[in-house]
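1. return atomic coordinates for the entry below.
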Amino acid sequence: MIELEEQLKEHEGFMGMPYKDSLGYPTIGFGTKLPLSENEAELLMKYRLEKKRDELITAMPFVYNLPDDKQKVLYEMSYQMGVRGVLLFKRMWSALKSRDFETASKEMLDSLWAVQTPDRAKRLAKMMKNS
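-> Just a heads-up that it's a prediction; the model follows:
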């Protein structure tokens, strides 16, 4: 099967952005016609979430020792805005290192992110604050 996958990759070529195939269908990746099915989108989400989680733990190893619900908040933030974006929350990280979840929650809301996605930010900040 690996051999077939490599053959398909060679023949289809890769495009990370949508393009029109030879018949004019919107396509992405290795010849995947759009739109994606919900199952395909879920596979992509799971893959990207795992990558963001690993990247965040590499950057901030102590995250792994936080309570699971706090980790989930940080992983979702990383998925939404990228690990680089989450790492910019300096005062939040300082509070998290001290396990001061209430202050971390406040710092999450004192951000452009909270202005741009207020409902999501409020929900995640509440999850961060609550024990």
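2. quick one: the strands in the protein?
-> 15-20, 26-29, 32-33 (DSSP state E).
3. pick the most deeply packed of these.
-> Highest mean neighbour count among those (mean count of other Cβ atoms under 10 Å): strand 26-29, with a mean of 16. Where you see a C-beta, it was placed from the backbone N, CA and C, and this is true even at glycine.
4. contacts for it?
-> 14-21, 33-35 (Cβ atoms under 8 Å, 6 or more residues apart in numbering).
5. can I get the helix of greatest length in the chain in CSV? Just the C-alpha atoms.
-> Counting residues, the longest helix found in the chain (DSSP state H) is helix 38-59. Extracted C-alpha coordinates of helix 38-59, given in CSV (Å, rounded to 0.1, in the frame of the first residue of the first chain):
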residue,chain,number,x,y,z
GLU,A,38,-16.9,15.8,7.4
ASN,A,39,-14.8,12.6,8.0
GLU,A,40,-11.9,14.0,5.9
ALA,A,41,-12.1,17.3,7.7
GLU,A,42,-12.1,15.5,11.1
LEU,A,43,-9.0,13.5,10.2
LEU,A,44,-7.2,16.7,9.2
MET,A,45,-8.3,18.4,12.5
LYS,A,46,-7.1,15.5,14.6
TYR,A,47,-3.8,15.5,12.8
ARG,A,48,-3.2,19.2,13.2
LEU,A,49,-4.4,19.2,16.8
GLU,A,50,-1.9,16.5,17.6
LYS,A,51,0.9,18.5,15.9
LYS,A,52,0.0,21.6,17.8
ARG,A,53,-0.1,19.8,21.1
ASP,A,54,3.3,18.3,20.5
GLU,A,55,4.7,21.7,19.4
LEU,A,56,3.3,23.4,22.5
ILE,A,57,4.7,20.8,24.9
THR,A,58,8.1,21.1,23.2
ALA,A,59,7.9,24.9,23.8
